[in-house]
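**Q** sharing a sequence plus its predicted fold:
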Amino acid sequence: MVFGQDSIVVKKDPRLDVLSAKQAQINKRTSLVTSSGMIKGFRLQVVSTTNRDVALRTKADLLSRYPEHKAYLLFQSPYFKVRFGNFLKREDAEKMRKLLNKQYPQGVFVVEDGIDYTLKDDEEL
């Protein structure tokens with residue numbers, strides 16, 4: 001009797017690798033979507049105030065300085081909050097935060113939020 005001669009050969013269809021890679025990509029994308037259908041990302045909270053006029057002026061100032069970005073006014077009683085940008089990565093939000101801190105010395109904070117962003121089919125996450 002010779003030991004070690006027994007072996008098992010498994011032949012699998014190579015399409016299974018393609019299928020499992022595709023499912024992994026779908027799972028990764030699904031984990032980035034909130035229950036409301038928005039993408040999980042980051043925004044900058046520039047101001048939180050009870051004064052609506054201050055919030056509106058801040059939003060208008062942001063839009064005039066940075067027309068390529070969006071600004072959002074939220075009301076969470078009793079505060080009006082101005083949030084800025086749609087950042088997929090925290091690092092990108094941090095870069096912009098450092099820039100905005102010079103213009104808004106009261107403090108700009110990175111917050112997790114649902115963002116306006118459309119994932120492209122071939123985009124790497």
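**A** Perfect, thanks for sending it. Being a predicted model, the structure only gives us computed values, none of them experimental.
**Q** residues in contact with residue 45?
**A** 81-84, 108-111 (CB atoms under 8 Å, 6 or more residues apart in numbering). Where C-beta positions appear, they are placed from N, C-alpha and C, glycine not excepted.
**Q** buried set for the host helix or strand of it?
**A** Assessed by DSSP states H and E, residue 45 sits inside strand 39-49. By neighbour count on 16 or more other CB atoms under 10 Å, the buried set for strand 39-49 is 39, 41-48.
**Q** for stretch 103-116, same thing?
**A** Per 16+ other CB under 10 Å, stretch 103-116 contains these buried residues: 104, 108, 110, 113-115.
**Q** CSV for these, including distance to residue 71, secondary structure and pLDDT?
**A** Shown next, in CSV, are the buried residues of stretch 103-116 (distance: CB to CB, whole Å; DSSP: H, G, I helix; E, B strand; the rest coil; pLDDT from 0 to 100):
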residue, distance to residue 71, secondary structure, pLDDT
104, 12, coil, 89
108, 12, coil, 95
110, 15, strand, 95
113, 13, strand, 90
114, 15, strand, 87
115, 13, strand, 90
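**Q** who's the spatially most central residue of the chain bridged to?
**A** The chain has residue 41 as the residue nearest its centroid, 1.6 Å off, counting by CA atoms, centre = their mean. Residues in a beta bridge with residue 41, per DSSP bridges, are residue 113.
**Q** how close does residue 55 sit to residue 117?
**A** Going from residue 55 to residue 117 by CB to CB, to the nearest Å gives 24 Å.
**Q** helices and strands around the longest helix anywhere in the chain, which ones?
**A** Criterion DSSP state H: the longest helix present in the chain is helix 15-31. The contact analysis (3 or more CB pairs under 8 Å, 6 or more residues apart in numbering; DSSP states H and E) places helix 15-31 against no helix or strand.
**Q** so for stretch 92-100, mean pLDDT?
**A** Taken as a whole, stretch 92-100 has a mean pLDDT of 94.
**Q** need the contact list for residue 48.
**A** Residue 48 makes contacts with 79-82, as judged by CB under 8 Å, 6+ apart.
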